[in-house]
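*Asks:* kindly generate the corresponding structure for this input.
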Amino acid sequence: MSGGPGNDTIVAPATAPGRSAIAVVRIDGADAVSIVEALAKREFEPRRATHTVLGDGDASIDDAVVVVYRAPSSYTGNDLVEISLHGSAYLVGQLLGAVRRRGARLADPGEFTERAVLNGKLDLVQAESIVDLVDARTGLQARLSLRNLTGELSRAGESMRASLLDMISRLEAALDFADEGYEFIGHDEAETALETLLKEVRGTAATWARGHAIQTGLTAVILGLPNAGKSTLLNFLCGTERAIVTPLPGTTRDLLRETVDLGGLPVTFVDTAGLRETGDAIEEIGVGRARDAAAGADLILYLIDATRGMTDDDRMEIARLRDPIVIFTKGDLAPGGEDAISVLSGSGLERLLGRLDEEVRARFAMAEEAPTVVNERQRAAFEACAEALEAALASVGGGAGEEIIVVDLRRAANALGSLTGAISTDDVLREIFGRFCIGK
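*Replies:* Now for the predicted structure:
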């Protein structure tokens, strides 16, 4: 047995291009093992790392370690070979050329993982979590990706779908035996079960806001009147002189961005132009961009110069904003500025970081051990399921027949089936695996 769907032979480097100690090349498909055995002029025992010399005709390619995985006990479910060789781009190119001359083609992005899905080794949620894990920049992102890779969200979706299929089978049984008067599920039981399931589906769909924030990161915009200390605070948060700081108002004209790890999430802080009416056309554009950035921000930090206190202009700006975090600055220069921060003296900075960390965790941190939706495709599956369940509940409440209710329940089950790939289309597969790198 050499494998299942997608079993022509493909090859690709599985490590990033460039100079390194080791490079890994993968070969997958019907001829994978015979090709590497031809290059090594020997046979290999499955699942055993073997040190050997690979060659192309009479010319040696490299001293390498070869591991053969026979179908179906491989990552893809096909015959799969992983070759570890020295990390020279030249050597990798020589090996790829030798393998392709023996009938393999270069793999498309994500094709190895796509084959794993098609052969039932992974579902779509697990496949998506692989690329999320590769892209993880923080510990929280890595933990969430790993949880979905091990099947947490998939199991939740499949459990809900199993409940739906059970209800569908009971309703259809009632249709089959309608003349005999059998009732396989009562009205009250069906209504209660659907209400419980709808609550569960809606709750899972609602985790998207936090899951999406964990995977993509947050944006925190720093606003305030001119010379409120916005650029100084950005420099402190990113640990470098990223923004120009002068006593002159209007120094910052455009948006400056820096990303830091806060509360386990990548948070991009955006320094903005000081908010004021100005006759300077360039500065006016900067102020407009600052307001636009605030409109789409996850967090807003509004800075007030403690030496002048909160002005009417500050109050007017704060009233325009959505849940701003108000921070007084220049505490070292302000009488009674104990609650204000000072980047120059360091006072209040630890308290500020703790406050920001708490805000991020309270608004966006995921619940421990709770299934979490991380992308729009997953969210849409649960939303479509919820919409169909609402229609089914309305039918039950209106006294509709089993055949009407079953139609909506099948729509709900199909929506959950699309989550894991139990029901999928080529368009969905292309969208998912197009995000992958070559060799994965």
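*Asks:* any buried residues in the helix ranked longest in the chain, and which?
*Replies:* Within the chain, and with DSSP state H defining each element, the longest helix by residue count is helix 152-176. By neighbour count on 16 or more other CB atoms under 10 Å, the buried set for helix 152-176 is 152-154, 156-158, 160-161, 163-164, 167-168, 170-172, 174. All C-beta atoms are positioned from the backbone trio N, CA, C, and that covers glycine.
*Asks:* go on, stretch 396-404?
*Replies:* Neighbour-count burial for stretch 396-404, counted by 16+ other CB under 10 Å, picks out 396, 402, 404.
*Asks:* for that stretch, C-alpha coordinates in CSV please.
*Replies:* As requested, C-alpha coordinates have been extracted for stretch 396-404 and formatted as CSV (Å, rounded to 0.1, in the frame of the first residue of the first chain):
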residue,chain,number,x,y,z
VAL,A,396,-40.8,23.4,16.4
GLY,A,397,-42.5,26.2,18.2
GLY,A,398,-44.9,26.7,15.3
GLY,A,399,-45.9,23.0,15.3
ALA,A,400,-44.3,22.2,12.0
GLY,A,401,-44.0,18.7,10.9
GLU,A,402,-40.8,16.6,11.2
GLU,A,403,-39.9,16.9,7.5
ILE,A,404,-39.7,20.7,7.9
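*Asks:* chain center to it: distance?
*Replies:* 39 Å (CA atoms, centre = their mean, to the nearest Å).
*Asks:* quick one: low-confidence parts of the stretch 101-250 of the chain?
*Replies:* 175-185, 239-250 (pLDDT under 70).
*Asks:* where do the helices sit along it?
*Replies:* In the stretch 101-250 of the chain, helices defined by DSSP state H, counting those that start in this stretch lie at 111-118, 124-135, 139-149, 152-176, 187-205, 208-216, 230-238, listed in chain order.
*Asks:* turn these into TSV, including distance to residue 42.
*Replies:* As requested, those are exported to TSV (distance: least, CB to CB, whole Å):
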stretch	distance to residue 42
helix 111-118	25
helix 124-135	32
helix 139-149	35
helix 152-176	40
helix 187-205	52
helix 208-216	45
helix 230-238	55
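*Asks:* and of the ones you listed, who's closest to residue 422?
*Replies:* Nearest to residue 422 among the helices of the stretch 101-250 of the chain is helix 152-176 (7.6 Å), distances taken as CB to CB.
*Asks:* what's the closest one in contact with?
*Replies:* With CB atoms under 8 Å, 6 or more residues apart in numbering as the contact definition, helix 152-176 has outside contacts at 123, 125-126, 147-148, 182-185, 190, 193-194, 197, 200-201, 204, 369, 371-373, 378, 381-382, 385, 402-403, 405-406, 409-410, 412-413, 416-417, 419-420, 422.
*Asks:* can you tell me which of those are classed as buried?
*Replies:* When the contacts of helix 152-176 are checked for burial by 16+ other CB under 10 Å, the buried set is 123, 125-126, 147-148, 184-185, 190, 193-194, 197, 200-201, 204, 371-373, 378, 381-382, 385, 402, 405-406, 409-410, 412-413, 416-417, 419-420, 422.
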